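Engineer: sequence below, structure please.
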Amino acid sequence: MKNANRFDSYSRFLSWFMALMLGALLAGCGGGGGGDPVLGISGTPPGTPAAAPVAPTVTATVPVRAITGMPINRAITATFSEAMDPATLTATSFLLREFNSTGAVSAVAGEVSYDATNNIATFTPGTKLAPVSLAPAASYQATITSGARNLAAGTPMAADYTWSFTTALTADTTTPLVIATNAYGTTGTLTGATGLPVNRDSTATFNEAMDPASIAAATFTLTCALPCANPAGAVSYAGNTATFNPTGDLAPGTTYTSTVTTGARDLAGNAMAANYVWDWTTAAVADTAAPTVTITNPAALATGVPVTQSINASFSEEMRQATMITTNFTLSETASPLVKLPGTLAYDVTNNIATFNPDSNLLPDTDYTVTVTNGAQDLAGNALVVPAAGGLPVPNPWTFRTAAALVPPPALAINLRGAATFGIASQAGLTSTGVTVVNGDVALYPLASCTDSTGNNGASQTCLVKIYASTGGTGMAVNGSIYFAGDPFDNGGTANTVTNDLNIAWVEGKNKVDTFAVGFLGGQLGGVGPDGKILLPGVYHEAALGMAAGTVTTFDAQNDANAVFIIKIDSSFVDSGTLLLPTQIKLVNGAQARNIWFVAGLDITIGSGTSWNGNILAGRTATVNDGSSVMGRILAGASGAGTFSIVGAASPSLTTITVP
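Structural biologist: Model (predicted):
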């Protein structure tokens, strides 16, 4: 899903934007080049410095962003906007991580291959020869890092590109099918078409994503009967469509046979059940008519467009899949035309519609410009006609304006009842390692277990006493009281009440009515840049949630000191911050840690070195790692057994939890 804040949308493209601005500045000083008469771009005088290099981008992924139910035995692919240097596409630049049910993030070992014909990188868990399945019903995040570089100039990705998805319970064991060709017969079948141009490609569209390495000259052939000579050609794959592009014009008035063989496999390794064969006959002439854009959505000059809008362009005829890429279909703020919004492009071969899906929500009350360039081509290689301003059949480029921002209804704070002074509560015990400090009370019930692993001058000791401090300053210090089951001062009554109250608070939080659509945050809490991802008050809801190392989240109360933020997570939350790349939760415009709530169905993990603001209610385990500073309360085991761990290292790498 998408995120509405502009910092998340643009900050990862900041370096690219600066490069483009430099290029624009240099171009404004005069330069060389022949221009593009179709687009109305004139040439520039000789002597102009070369424009800044444009970074490659990811234009499509399998699976798509935020999808649920991906088969557990399917490989992962990323399609690039241009040819990439294969040496830079490895297991260190194409990563897959699992956000597993224990609250930990684990790297998935895999093999990366690159299809230079189609600019597609494939990550196979395990190896190509011995693939392994992913975990069922698990959350994953794939990443193409800035270590990936293009082939032409060695220009790196402007920033890491990430997308998340959730697996299904089962594997894909079904055979792929051809569901469309460009040679429909008069009866609506996929074969028997007549009068096709002699310069037109032959295409086959599958019902699912295919292994690009299996779509080649050996598996997609074009033949004809003697005395006709079988044509030479190039085979390519994009979207779910395979294309045979003849080297030259075909013979007029001749019947050709296209064949996709059983060597074609899907991304789970399932082969075609049988060869798929269809016949078609050429006309006497070539296709020289240029395609046009016939319908757009949003329409030109539309207003009140939802910020979640995808952008569509319908074409007058079927287009080449290889040209349906984000280089040829761009979206930008009208006021900042050089900053192209990141997103992916899908093409519907049945209805000839290209759909651009921005990676993030659009900004409210903002003008946007969409451009489909003449890099888009039909199946005969004719470039798209780009009309003059206001030309027919529809304007291209065209503009639209998004709707004004809706003020979400206020969320109500979660009622802590008798637990307001408690910094930690756990139903399955507490373990502290290293130098840690709790500024608040502690409740442990029904399992009375408290271990300070380094509290006795570096050795382990129990912390089941009301007033506790370690011996020798090597362990945990509690600036408050510890209440536990069977304690000698009230026989566990306080601990029982507190854990019950926090369980009630957890249930209350899980039942809060969502302000934003499920998946609004796209599975990631933070963003890059000084402000990272900016969150407004309300109730957010994610299947699983992560926070990448080095990212920032800013909670903006909009000058309301009582503004409430609730983040509900069905499974687990994992903060991946490290001491070298810590994460940060910032508060602005009156936001307060006491009014921020993270409510997880399973586990919550806080990374190392994190600056954290907000209360944590975890269904199972809760962990705070080395060197983190938490301003907020933490409950573990709200749904039953669940331990709490607080991890420190030798001073001065202090880990603290403070009641706000």
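Engineer: C-alpha only now, for contacts and for neighbours.
Structural biologist: Noted.
Engineer: any weak-confidence spans in the chain?
Structural biologist: Within the chain, the stretches with pLDDT under 70 are 1-52, 100-104, 184-190, 388-392, 406-411, 650-653.
Engineer: counting neighbours, what do you get for the closest residue to Q558 other than its chain neighbours?
Structural biologist: Distance criterion Cα to Cα, 6 or more residues apart in numbering; nearest residue to Q558, sequence neighbours excluded, is N589 at 5.2 Å. Other residues within reach of N589, judged by other Cα atoms under 10 Å, total 12.
Engineer: my read: N589 touches N562, true?
Structural biologist: No. Under the criterion of Cα atoms under 8 Å, N589 makes no contact with N562, lying 11.0 Å away.
Engineer: and D441, what does it touch?
Structural biologist: T421, F422, G423, I424, V478, N479, G480, S481, I482, Y483 (Cα atoms under 8 Å, 6 or more residues apart in numbering).
Engineer: one more time with 10 Å
Structural biologist: By Cα atoms under 10 Å, 6 or more residues apart in numbering, D441 lies in contact with 419-425, 466-467, 478-483, 633, 658-659.
Engineer: for G126, same thing?
Structural biologist: G126 makes contact with A75, V108, A109, G110, E111, V112, V132, S133, L134, according to Cα under 10 Å, 6+ apart.
Engineer: ok, now G269?
Structural biologist: Taking Cα under 10 Å, 6+ apart, one finds 73-75, 128, 131, 172-176, 210-211, 214 in contact with G269.
Engineer: from the contacts of D441, which would you call buried?
Structural biologist: Among those, those buried by neighbour count (16 or more other Cα atoms under 10 Å) are 419-425, 466, 478-483, 633, 658-659.
Engineer: ranking by neighbours, what's the top pick from the contacts of G126?
Structural biologist: Highest count within the contacts of G126 by other Cα under 10 Å belongs to A75, 29 neighbours.
Engineer: wait, that one touches A268, no?
Structural biologist: Yes. A75 is within contact range of A268, at 6.3 Å (criterion: Cα atoms under 10 Å).
Engineer: shared neighbours of the two, anything?
Structural biologist: Each of T124, P131, S133, A209, M210, D211 lies in contact with both A75 and A268 under the rule Cα under 10 Å, 6+ apart.
Engineer: tell me what the first one is bridged to.
Structural biologist: In this entry, T124 is beta-bridged to E111, by DSSP bridges.
Engineer: among the contacts of D441, name the ones in strands.
Structural biologist: Among these, the ones falling in strands (DSSP state E) are F422, G423, I424, A425, V478, I482, Y483, T658.
Engineer: among these, which two are most distant?
Structural biologist: By the measure Cα to Cα, Y483 and T658 form the most distant pair in the ones in strands among the contacts of D441, at 17.0 Å.
Engineer: which among the contacts of G269 count as buried?
Structural biologist: N73, R74, A75, K128, P131, D172, T175, P176, M210, D211, S214.
Engineer: please list all residues in contact with the first one.
Structural biologist: So the one you mean is N73. 124-125, 131-136, 167-168, 170-173, 267-269.
Engineer: can you report how many residues lie near the residue found closest to N328 once you drop the neighbours it is linked to in the chain?
Structural biologist: Excluding its sequence neighbours, the residue lying closest to N328 (Cα to Cα, 6+ apart) is T373, at 5.1 Å. Neighbours of T373 under the rule other Cα under 10 Å: 20.
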